[in-house]
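structure for this input, please:
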Amino acid sequence: MNSPDELPPVRVEITDVLDLHCFAPRDAKAALEAYLEEARERGFQALRIIHGRGIGAQREMVRKVLARTPGVTGFGDAPEGAGGWGATVVTLR
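You can find the predicted model right below:
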């Protein structure tokens, strides 16, 4: 049970797109790792991770996580109409 100062966990619908803007930067890596695990369990084969363009720190974090995640067979910049270098498309096994 949560203490009076803690908010209960929020359930997030799992789709083939994860927008990291919804998470505090300190929580983005853990959110991405949990999302990838859940997406794989649900049988998704293609994903899009929106990390934004900024200075590239989120993009670098996303790609490091993807490079070491079992079941990820490929990833790269999204097409221009789907975020370009502000998003990463992922292929899962």
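
find the residue at the geometric middle of the chain.
With distances taken as C-alpha atoms, centre = their mean, the residue of the chain nearest its centroid is residue 32 (3.9 Å).

am I right that that one is in contact with residue 59?
No: Residue 32 is not in contact with residue 59 according to C-beta atoms under 8 Å; the separation is 11.6 Å. (Glycine included, C-beta is placed from N, CA and C.)

is it true that residue 39 lies in a helix?
Yes: counting by DSSP: H, G, I helix; E, B strand; the rest coil, residue 39 falls inside a helix.

low-confidence ranges, this structure, go.
1-4 (pLDDT under 70).

would you map the helices across it?
25-41, 57-67 (DSSP state H).

got JSON lines for these, with distance to residue 12 too?
Listed next are these as JSON lines, based on distance: least, C-beta to C-beta, whole Å:
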{"stretch": "helix 25-41", "distance to residue 12": "8"}
{"stretch": "helix 57-67", "distance to residue 12": "17"}
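
out of those, which is closest to residue 49?
When the helices of the chain are compared by C-beta to C-beta, helix 57-67 sits nearest residue 49, at 5.4 Å.

sorry, back to before: report the contact partners of the nearest residue to the residue nearest to the centre of the chain once chain neighbours are set aside.
Spatially, and ignoring its direct neighbours in sequence, residue 32 is nearest to residue 65 (5.4 Å; C-beta to C-beta, 6 or more residues apart in numbering). Shown in contact with residue 65 (C-beta atoms under 8 Å, 6 or more residues apart in numbering): 29, 32-33, 36.
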